[in-house]
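Participant: predicted model and sequence follow; I will ask about them next.
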Amino acid sequence: MKQRYFRFSALLVFTLVAGQGLRAQDHPPRVEEAKSRPAAAPHVVNVPLLLFGTIPISTRSQEARKYAELAVDKYENVLLDDAVVQAEHSIEKDHNFALGYAVLSFTSRRSIPNEGALERAKALLPQATPDEQLMVRWMTSIQERNLLPAIASMNDLLKRYPKNKHVLYLTSEWLYNQQDFERSQKMLEYLLKLDPNFPPALNMLGYSYIASGHPDPARAIASLKRYIEVDPSSPNPEDSLGEVLRYAGDDQGSLEHYSAALQIDPTFFSSQLGLGDTLTLMGKYDEARANTTRRSSSPKTSAIYSTPFIKKL
């Protein structure tokens, strides 16, 4: 009985399997075209803008970057009022540009400090790129006289950008103002090897050679004469040489170069002041008074600092 049941079960299983096979043949599988899928959007990588072609910054505005660069350039060339204007344009183009606010506060500090820009730069710091943060910290720290973070940021910037002439110039200028003349001179001399025609470095090096603990008037004068050669349309090179010649004891040469600066720009207040001071030191009081009276109504176009060798820096 069991044997017959087994045969019957096997036959039933075979019949079912065979039937399924026949049904499968009755309805052969169909190959359908795969539905087309929309192509995946390409992954777009946001490449940061570069300040002076090297330093990544947070702004996506080309105009904000351009105005920030112009502000630094004007500052380096002692056009302080123009520097402030360009920095203001930068933040107008991007209200969240940390470095734009830092540059505005930095360039304003020698005339009317802009505390609002300083605080805004610090508030936006987390949104800045890492290297932009270094620049912002350095600029804000020196304004608040926080020397340790200023020095740390400066050293990190120099490690990151040892051949960027703007980083070299701004840090060497600060070292000069900290009376670290030796290190400032070395940085400026190195900068001029990278770019022998960089006017701001020629200017400041001239002052550095005569203001250091070991004055070298010949090198100071040579640097400033080179400054006149590379930037003949600006009154500042003539003015700088006039000032250094006065401190080197060449009063007549000083008068000549102050006068040359005023030939380029009759409103250049620094040379107006220098001319009057030199004539007074020479005992030519009437001539000094006449020059002061004649030029007293001229508009002031540059910021002046009374401490010798600081006003240009």
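Facilitator: Received, thanks. What you see is a predicted model, and the numbers here were worked out from it, not measured in a lab. Numbers count the residues shown, from 1 in each chain.
Participant: average model confidence for stretch 150-157?
Facilitator: Taken as a whole, stretch 150-157 has an average pLDDT of 96.
Participant: with stretch 55-75 instead?
Facilitator: Computed over stretch 55-75, the average pLDDT equals 97.
Participant: buried ones in that stretch?
Facilitator: Along stretch 55-75, these residues count as buried under the neighbour rule (16 or more other CB atoms under 10 Å): 55, 57-59, 61, 64-75. From N, CA and C alone the C-beta is placed, and that goes for glycine too.
Participant: does L158 belong to a helix or a strand, and which?
Facilitator: Using DSSP states H and E, L158 maps to helix 147-160.
Participant: and the following helix or strand past that helix, average pLDDT?
Facilitator: Sequence-wise, the next helix or strand downstream of helix 147-160 (DSSP H and E) is helix 165-177. Helix 165-177 comes out with an average pLDDT of 96.
Participant: tell me what helix 165-177 is packed against?
Facilitator: helix 62-76, helix 147-160, helix 181-194, helix 199-211 (3 or more CB pairs under 8 Å, 6 or more residues apart in numbering; DSSP states H and E).
Participant: can you list the ones you listed in JSON lines and add distance to L262?
Facilitator: Listed next are these as JSON lines, based on distance: least, CB to CB, whole Å:
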{"stretch": "helix 62-76", "distance to L262": "21"}
{"stretch": "helix 147-160", "distance to L262": "37"}
{"stretch": "helix 181-194", "distance to L262": "28"}
{"stretch": "helix 199-211", "distance to L262": "18"}
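Participant: nearest to Q127, out of these?
Facilitator: For Q127, the closest of the helices and strands packed on helix 165-177 is helix 62-76, at 13.3 Å, according to CB to CB.
Participant: relative to helix 165-177, how tilted is the closest one?
Facilitator: Here the directions of helix 62-76 and helix 165-177 differ by 40 degrees (axes from the mean of the first three to the mean of the last three CA atoms, to 10 degrees).
Participant: buried set for the one helix or strand L134 maps to?
Facilitator: Assessed by DSSP H and E, L134 sits inside helix 130-143. Neighbour-count burial for helix 130-143 flags 131-143 (criterion: 16+ other CB under 10 Å).
Participant: likewise stretch 154-167?
Facilitator: Buried residues in stretch 154-167 (16+ other CB under 10 Å): 154, 156-158, 161, 164-167.
Participant: got a list of contacts for that stretch?
Facilitator: With CB atoms under 8 Å, 6 or more residues apart in numbering as the test, stretch 154-167 has contacts from 52, 54-55, 72, 76, 131, 134-135, 138, 168, 171, 174, 191, 194-195, 198, 201.
Participant: between the helices and strands packed on helix 165-177, which one is nearest to Y227?
Facilitator: Nearest of those to Y227, taken as CB to CB: helix 199-211 at 3.9 Å.
Participant: next SSE after that closest one?
Facilitator: The helix or strand immediately downstream of helix 199-211 is helix 217-230, counting by DSSP H and E.
Participant: hmm, who's touching that following helix?
Facilitator: With contact meaning CB under 8 Å, 6+ apart, helix 217-230 is reached by 197, 199, 202-203, 205-210, 237-238, 240-241, 244-245, 248.
Participant: got the angle for that helix vs helix 199-211?
Facilitator: Using the same axes, to 10 degrees: helix 217-230 against helix 199-211 is 160 degrees.
Participant: quick one: helix 217-230 to chain centroid distance?
Facilitator: Centre-to-centre, helix 217-230 and its host chain are 26 Å apart (CA atoms, centre = their mean, to the nearest Å).
Participant: contacting residues around the residue nearest the centre of the chain?
Facilitator: With distances taken as CA atoms, centre = their mean, the chain has V72 as the residue nearest its mean C-alpha position (5.4 Å). Contact analysis of V72 by CB under 8 Å, 6+ apart lists 52, 83, 103, 166, 170.
Participant: so is N197 in a helix, a strand, or just coil?
Facilitator: At N197, secondary structure determined by DSSP: H, G, I helix; E, B strand; the rest coil is coil.
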